[in-house]
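A.B. asks: this is a predicted model, with the sequence first.
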Amino acid sequence: MTWYFARRLAFAAFLVIAVSSASLVLARLAPGDFVTESAGTEISRQTLEQQRARYGLNKSLGEQYRDWLAAAARLDFGYSMQYGRPVRDLVPERAANTAILALAALVFATLIGLPLGIISGSRKSGVLPGMIRATSVVLLSMPPLLTSLFLLFIAARTGWLPIGGMHSAIVPPGGALADLLRHLVVPAAAVGLPLAAMLERLQSQAMSEVIGEPFVLATLSRGVPRSRIVWRGAFKAALRPVAAVYGLVIGTLLSGSFAVEVITTWPGLGNLMLQALRSRDVYLVAGCAGAGALFLACGTLLSDLALAVVDPRASETRAERA
Amino acid sequence: MSRTLGLVLVTFALLAAVAAPVLAPHATDAHFGGLLNAPPTVVHFADASGGWHAPFIYRWRLVSQLEQRYEEDLSTRVRLAWFSGGHVVQSSDEGAAPLLLLGADSYGRDVFTRLLFGARTSLGLAVTAALGALLIGATLGGLAGFAGGVFDDVLMRAADFVMVLPAIYVALALRAVLPLVLTASEVFGLLASIFAIVGAPFVARGVRAIVRSERRLDYAVAAEALGASDARLLFRHLLPSARGFMAVQMTLLIPAFIVAEATLSYVGLGFPDPIASWGTMLHDASSNIRVFADFPWLLSPAAAMFLVVLGVNLVLQNRRSEDVRHIGVRHTQRL
């Protein structure tokens, strides 16, 4: 068990280092650099070189990578040329915004998806399960890119919710938190709805399998009410395959939040990464990628842990396979 | 029932893409200067006084230049011209009253035409990339499953690693490494290769598992005993057993790639402007915040994308339910 987690931890560390290094190297290899991307047409060769030297872009790739790695070991991740701020200050701010969005979407999806999955999975036929199933199929065909456009359309048509951003320019009556929540509804629902549909389908399948097992029939025949079996016993038994998916969900959340952040102009990691890539802001690219990888690593670690608790077999079989 | 609906949707999309030059009333880059953001033209059968006619349209008259509001000019009826000039249907007065079935975009281009040609770009790219992913995935997965040992270990570790990463970020990073401005055909080739690489590990994992288990079966052992070479055993006997899996993967990858193209084009890293793809159309639409409230027809590529993905999902619904608990569902979600 300990050995298993040591391995998972090592993989997580490797993930963060490899991803941020690879993105630094990739961004550095790209044609053009920050100086050429940001400079106007009227700039002398000499000024160009001066600027490059200032940002450390005149070093060779190997040297630059070595220096960056050495500095990163001291938790100094370089300087964003575009924002003129250290990456260490800039990234956590934006990463927190993405985390708020992702967490809200996850809670939303869980609260909606799991109960609906239990309802649709515990009955074979009926109007309600049929409707739930149909809605899920429709929502599964709507990736976050489309849900966010659709929800923005509704928000703009009805005027109920703000269409983009994270805060209003002037704090409205009701306080900053209420304002944030109002802005959060559209992006969180855009990321959360397809996820809810996925969880609903998984829970529904797991449920219908468990419902068919002999122990359910046995409990029923002893006179335990059906609703109690469904919501207590069978629900717990069906949770395992769903719990296994939560580890993968963190990647889904990051991917989904990218499109949503860009469309709803949510100031998160995805937006920052996009800007950094476009302006060839190499250290910022590496910083964003590293932060994203950290999210991913934490997510997989947590889900491995949760899975091992729910189902002790997981850690053994996986360790053997690895 | 739902499967039939899915088939109808997919067939419809493919037909639209193939027959785009005939079905579309205009060229993709035809501008109608006086009709920026004009709403869809309505095809009428009855005029204002209640008299019935062959299908006709009214021309748009600009009511407010500032707000770009239009009104129908009820004074003259414009007939539709069927099967003329190589198009199925056009307005008989193209200059003054063009037929804009889904309105015009902010440059005054016909959205319906661009939607049809966009289907060519978007679906073409997705299908090409999916075929590429199958080719790379099946070859590597087949070899890994067949050879085993260190080769297998290294390859599968690498595949696992790529699969953990959010695919859209990988695609984004790979795309951003290359020059930001490229020609349309360069972008097509580039995006197809990037998507193929990102999608290949999903195929490789499954193919490897199938090849490994099939290899132990009697028919494979028999073929080997009869002196079949390794290549023959792998390509003629083992890989064909993964056909069903690959077909399902293909239908999982295509929707994911359609959405990925749209996402990349939306953020400005996809196709360059005059090219019509569903992503570039959304990109154009997004430049104007009023699109959501006032010009919703500019979002029609999103609707088209939804219908195609829904169609593919409906066709797959039953076959996928076996696959769903493994990695299936993640594709549409993650890319």
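C.D. replies: Yep, it's here. Numbers count the residues shown, from 1 in each chain, chains lettered A, B, ... in the order given.
A.B. asks: counting contacts, what elements does the longest helix seen in chain B pack onto?
C.D. replies: Taking DSSP state H as the criterion, chain B has its longest helix at helix B:111-147. The elements that helix B:111-147 packs onto, with contact taken as 3 or more Cβ pairs under 8 Å, 6 or more residues apart in numbering or on different chains; DSSP states H and E, are helix B:2-18, helix B:20-23, helix B:149-164, helix B:184-215, helix B:243-266, helix B:278-286, helix B:300-323. Heads up, the C-betas are built off the backbone N, CA and C, glycines and all.
A.B. asks: wait, which of those is closest to chain A?
C.D. replies: Each of those has some distance to chain A by Cβ to the nearest Cβ; the shortest is helix B:300-323, at 3.8 Å.
A.B. asks: which helices and strands sit right next to the strand or helix carrying A:Gln50?
C.D. replies: Using DSSP states H and E, A:Gln50 falls within helix A:45-55. Counting contacts by 3+ Cβ pairs under 8 Å, 6+ apart, helix A:45-55 packs against helix A:34-38.
A.B. asks: re the thing from before, what's the following helix or strand after the helix holding A:Gln50?
C.D. replies: The first helix or strand that comes after helix A:45-55 along the chain, using DSSP H and E, is helix A:61-73.
A.B. asks: now the helix or strand containing A:Thr135: buried residues?
C.D. replies: Here A:Thr135 is covered by helix A:127-140, with elements defined by DSSP H and E. Across helix A:127-140, burial judged by 16 or more other Cβ atoms under 10 Å in any protein chain shown covers A:Pro129, A:Ile132, A:Arg133, A:Thr135, A:Ser136, A:Val137, A:Leu139, A:Leu140.
A.B. asks: report whether that helix contacts chain B.
C.D. replies: Yes - using Cβ under 8 Å from any Cβ of the partner chain, we find that helix A:127-140 touches chain B at A:Val137, A:Val138, A:Leu140.
A.B. asks: quick check, nearest of those to B:Ala133?
C.D. replies: Set against B:Ala133, the nearest of the residues of helix A:127-140 next to chain B by Cβ to Cβ is A:Leu140 (20.6 Å).
A.B. asks: does the closest one touch B:Leu314 like I think?
C.D. replies: No - between A:Leu140 and B:Leu314 there is no contact under Cβ atoms under 8 Å: 10.3 Å.
A.B. asks: and the host helix or strand of A:Ala99 with helix A:127-140, angle?
C.D. replies: Element membership for A:Ala99 (DSSP H and E) is helix A:87-122. Calculated by axes from the mean of the first three to the mean of the last three Cα atoms, to 10 degrees, helix A:87-122 forms an angle of 150 degrees with helix A:127-140.
A.B. asks: how about helix A:87-122: buried residues?
C.D. replies: Neighbour counts using 16+ other Cβ under 10 Å place A:87, A:90-91, A:94-95, A:97-102, A:104-106, A:108-110, A:112-114, A:116-122 of helix A:87-122 among the buried residues.
A.B. asks: hmm, stretch A:236-243 touching chain B?
C.D. replies: Yes - judged by Cβ under 8 Å from any Cβ, stretch A:236-243 comes into contact with chain B at A:Pro241.
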